[in-house]
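sharing a sequence plus its predicted fold:
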Amino acid sequence: MLSETAEQRSDRILRLLTSSYPGRRCYDINGHGTHFVCELEPAADHPEYDLALEVIISSNPHKHKRATQRYKVLTGTLELHVDDASILLHEGDAYTVKPEAVHWATSEDEALVEIRSTPGWTPEDHLRVE
């Protein structure tokens with residue numbers, strides 16, 4: 001496989017998400033071409049939860065004041081970091097991240113992950129951690 005630039009990778013992944021889920025909002029969440037979100041059931045439609053598909057190569061450390069998030073790996077392998085723990089998740093594995101837990105993830109193979117947040121994800125509840 002030929003190597004691709006971050007811009008080419010971003011274009012490829014966003015094209016794939018938008019063609020697979022027409023009419024859904026899909027975007028590069030961190031602006032670096034390493035973490036993509038497709039909002040399948042956004043919190044704007046029902047604040048009590050949301051459902052998203054994410055392609056994760058590398059996400060930024062963050063936490064949520066209120067939201068509990070359930071990660072389920074659909075394809076690939078995801079290394080999920082939660083506080084001081086590192087959890088290796090394979091296709092079909094799931095893990096729940098509780099509120100206030102600092103977490104981020106990495107993947108060598110562009111893991112496709114379903115993430116359900118309860119209550120629904122909001123920008124105000126998403127707190128970056130340096």
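Yep, that arrived.

contacts, neighbours, all on C-alpha from now
Will do.

which residues does the longest strand along the chain contact?
Using DSSP state E, we find that the single longest strand of the chain is strand 103-118. The contact list for strand 103-118, computed with C-alpha atoms under 8 Å, 6 or more residues apart in numbering, reads 48-63, 67-83, 97.

if you set the cut-off to 6 Å instead, what comes out?
If you take C-alpha atoms under 6 Å, 6 or more residues apart in numbering as the criterion, strand 103-118 is touched by 48-62, 67-82.

mind listing what's buried along that strand?
For strand 103-118, a neighbour-count test (16 or more other C-alpha atoms under 10 Å) marks 103-107, 110-118 as buried.

of these, which is the nearest to I87?
Nearest to I87, judged by C-alpha to C-alpha, of the buried residues of strand 103-118 is A105 at 9.4 Å.

from T96, how far off is the closest one?
13 Å (C-alpha to C-alpha, to the nearest Å).

ok so, going back, what's the closest of the buried residues of strand 103-118 to V129?
For those, the residue nearest V129 by C-alpha to C-alpha is H103; the value is 9.0 Å.

count of neighbours near the closest residue to that closest one other than its chain neighbours?
Excluding the flanking residues, the one nearest H103 by C-alpha to C-alpha, 6 or more residues apart in numbering is V82, at 4.4 Å. Applying other C-alpha atoms under 10 Å, we find 19 residues neighbouring V82.
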